[in-house]
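[1] what would the 3D arrangement of this be:
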Amino acid sequence: MPIATRVAAWMPTDAFLLGEQHDAPEHHRIEQETVQAFVASGQLAALALEMAEDGASTASLPVSATEAQVRAALGWQEKGWPWADYGPAIMVAVRAGRPVLGANLPRLHMKDAMADVSLDVQLNGKALAQQQEAVRTGHCDLLPASQLVPMTRIQIARDRSMAQVVVKARQPGKTVLLITGNGHALRTLGVPQHMPTDVKVVSVQMLASDSAPVRAGPGYDAIWQTAALPEKDYCATLRK
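    Modelled structure (predicted):
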């Protein structure tokens, strides 16, 4: 099914969260097609990104801005986020005159987030425990026990930051598109948990898997499956 058709099926919505597996090339192609679909329908309020920090924006750039100018405006970190993966989707929004916004928690605020006990009550007890478990497994059981709570606070602060950017950018009758990792798009733990109740949110997981079609559960409104990737031991890389 064409991406534009998939997107249209969920309209209207204030926010559309598109969760990716960061190293899946097909997910980046879908992201570009999704931005194109929103632009073509005239519904894109803004493109928000986990891959850039809150406060970074292309809003002051002309539609003719160069890629170098766009990267500079977004404070782009090539090491963590290859521009070749994300640039095509970003430039579609820029060329259409739609703002591209950094949404992630600024690195300068991470130390404060680690010590912010108020973040411990942003999720209910069950969800907080699940988030802590996700942080633990996501770090391949290599985190010292003393770091589990502070690192969970950073994850929650990131989700809250992205939610705040999306809410601030919304416009009546249009949609803010957030491109982020699947964990942040998770309805039960991630960005949607920090949205006001009057904001309509659609959350999509892109899943690289050759298994039988996976049905969406409480975590996502839809799952878009793509071809499986070669097996990779991410923990082995982290241990090194």
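
[2] helix/strand/coil for D210?
    coil (DSSP: H, G, I helix; E, B strand; the rest coil).

[3] V117 versus that one, what's the distance?
    43 Å (CB to CB, to the nearest Å). Placement of C-beta: from N, CA and C, glycine included.

[4] also V35?
    Distance from V35 to V117, by CB to CB: 38 Å.

[5] these two - which one has more neighbours?
    V35 (26 against 8; other CB atoms under 10 Å).

[6] touching the helix or strand hosting that one from outside, list them.
    V35 belongs to helix 25-41 when elements are defined using DSSP states H and E. Residues from elsewhere that reach helix 25-41 (CB atoms under 8 Å, 6 or more residues apart in numbering): 3-4, 7-8, 11, 16, 18, 20-21, 44, 47, 85-86, 88-90, 92-93, 96, 98, 175, 177, 179, 206, 208, 224, 226-227.

[7] now the buried members of those residues.
    Neighbour counting with 16 or more other CB atoms under 10 Å marks 3, 7, 16, 18, 20-21, 44, 47, 85-86, 88-90, 92-93, 96, 98, 175, 177, 179, 206, 208, 224, 226 as buried within the contacts of helix 25-41.

[8] still on that earlier bit, and the helix holding V35, how far from the chain's centre?
    Distance of helix 25-41 from the chain centroid (CA atoms, centre = their mean, to the nearest Å) equals 14 Å.

[9] in it, which residues are buried?
    H27, H28, I30, E31, Q32, E33, T34, V35, Q36, A37, F38, V39.

[10] ok, then the element right after it?
    strand 44-53.

[11] what residues does that next one touch?
    Contacts of strand 44-53 (CB under 8 Å, 6+ apart): 35, 38, 74-77, 80-81, 86, 89-90, 93, 96, 98-107, 158, 162, 165-166, 169-171, 174-181, 184.
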